[in-house]
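Peer 1: Return a 3D structure for these sequence lines:
(one chain, ligands or ions: 1)
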Amino acid sequence: MNFYTKDTKTALESKDLAQWIAFGPVVFQVAKVLRDTGILTAVEESGLKGLTQDEIVEATTLPRYGVRVLLESGLGIGLVILNDLRYTLTKTGHFILHDPLTKVNMDFVQDVCYKGLYDLEASIRNGKPEGLKVFGNWPTIYEGLSQLPAPVQKSWFAFDHFFSDTAFPAVLKTVYKNGIRNILDIGGNTGKWAIASTRHAPDVHVTIMDLPGQLNVAKNRIAELGLQDRVSFHPANLLDETQPFPTGFDAIWMSQFLDCFSEDEIVSILKRCHQALDDNGYVLILEAFWDLQRFETAAFCLQQTSIYFTALANGNSQMYHSKVFTDCVRAAGFEITQQTDHIGLSHTLLSCKKKI
Ligand SMILES: C[S@@+](CC[C@H](N)C(=O)[O-])C[C@H]1O[C@@H](n2cnc3c(N)ncnc32)[C@H](O)[C@@H]1O
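Peer 2: Model prediction:
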């Protein structure tokens, strides 16, 4: 990756970008309202013929003033174009409407992050997720995850699952090829990895370790699917070093989990994994690292996601640079025996064994 070594923009382009940043929240809200009020859909459905402003007012039953300011803003943003007084949709408008990545990112930023981001500077100064108070008084968002308002939860899970859903099928074979049958899934969330694992091989047993509130969600899902014999549960707060760590596993699996912690916390969790495993045990880590992306836009998405961790999630974690992260893995007494990049949309699989 060599995205960030040169300032390639002209002065004019740079000043242009500076205005996009200055009006960033306005651009975001307009695009979202154009999407959610059906204006973009109405324009899209008119095809190449396009719609006049009056026809859009009629199609959406929105006030004329509102439609006018949104459309004029949408012209500047590049979501629509105007010819002979008729609006048609641009390619960017199409992606705002239909691109699944754009949709999960936009909904996550609006529903989970938007209000709390106002407290970003305080979060940075205090090392605490000061924006989280818009939802409740938990030390981290994870304690409150199962109590968040339904639309917020929906966008949070859609965002989380979007990335792991594309990665899980790609790694199942690799994970279970070395005779791993009894696996501990730390941060197992709604049980998606456990369910995929039981479907992958009939003799795999998964124990999900997560916060008690989150485990209840997973338990219900596993019961609905009749998988109680294949999946066990171990409630624990991994931030509490005194809570007992279960033992007897062939491997410990952590997907999109360690990014929820600071470097010191990652080392502490991995040291406890080290103690819990015997010498042949594996630690398997699925993470997205911003420096290992093929596309600059993917790196951009991960870098901006870090700010959710700062202002909303816990105030001290992020989507890591791979060097920072792998230093933590080594500091905990592991060596990385295999690293596979470009899994699914953005992930890397690290296979780790105890350093002898
Ligand atoms: C981003 S989700 C990862 C979900 C899943 N592994 C995946 O790949 O989609 C992080 C998970 O870690 C759990 N978690 C966060 N902090 C925790 C803690 N202190 N102790 C135990 N689990 C925690 C959350 O409840 C959540 O289920």
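Peer 1: Going by C-alpha atoms from here, please, whenever you check contacts or count neighbours.
Peer 2: Will do.
Peer 1: Helices along the stretch 1-150 of the chain, start to end?
Peer 2: For the stretch 1-150 of the chain, applying DSSP state H, counting those that start in this stretch gives helices covering 11-22, 24-36, 39-45, 53-60, 64-77, 91-98, 100-108, 120-126, 141-144, 150-176.
Peer 1: can I get the ones you listed in TSV with mean neighbour count and mean pLDDT?
Peer 2: Below are the helices of the stretch 1-150 of the chain laid out as TSV (neighbours: other C-alpha atoms under 10 Å; pLDDT from 0 to 100):
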stretch	mean neighbour count	mean pLDDT
helix 11-22	12	98
helix 24-36	16	98
helix 39-45	21	98
helix 53-60	16	98
helix 64-77	15	98
helix 91-98	16	98
helix 100-108	18	98
helix 120-126	16	98
helix 141-144	19	94
helix 150-176	17	94
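Peer 1: Quick one: those as TSV, columns for distance to residue 267 too.
Peer 2: As requested, the helices of the stretch 1-150 of the chain are exported to TSV (distance: least, C-alpha to C-alpha, whole Å):
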stretch	distance to residue 267
helix 11-22	36
helix 24-36	36
helix 39-45	48
helix 53-60	54
helix 64-77	44
helix 91-98	39
helix 100-108	29
helix 120-126	22
helix 141-144	19
helix 150-176	22
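Peer 1: could the ones you listed go into CSV alongside distance to the ligand?
Peer 2: Shown next, in CSV, are those (distance: least, C-alpha to the nearest ligand atom, whole Å):
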stretch, distance to the ligand
helix 11-22, 28
helix 24-36, 24
helix 39-45, 31
helix 53-60, 37
helix 64-77, 32
helix 91-98, 23
helix 100-108, 13
helix 120-126, 18
helix 141-144, 5
helix 150-176, 5
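Peer 1: So residue 148 sits against residue 135, correct?
Peer 2: Yes: Residue 148 lies in contact with residue 135 (C-alpha atoms under 8 Å); the separation is 6.8 Å.
Peer 1: on that earlier part again, out of the helices of the stretch 1-150 of the chain, which comes closest to residue 318?
Peer 2: Of all these, the one in closest proximity to residue 318, counting by C-alpha to C-alpha, is helix 120-126 (12.4 Å).
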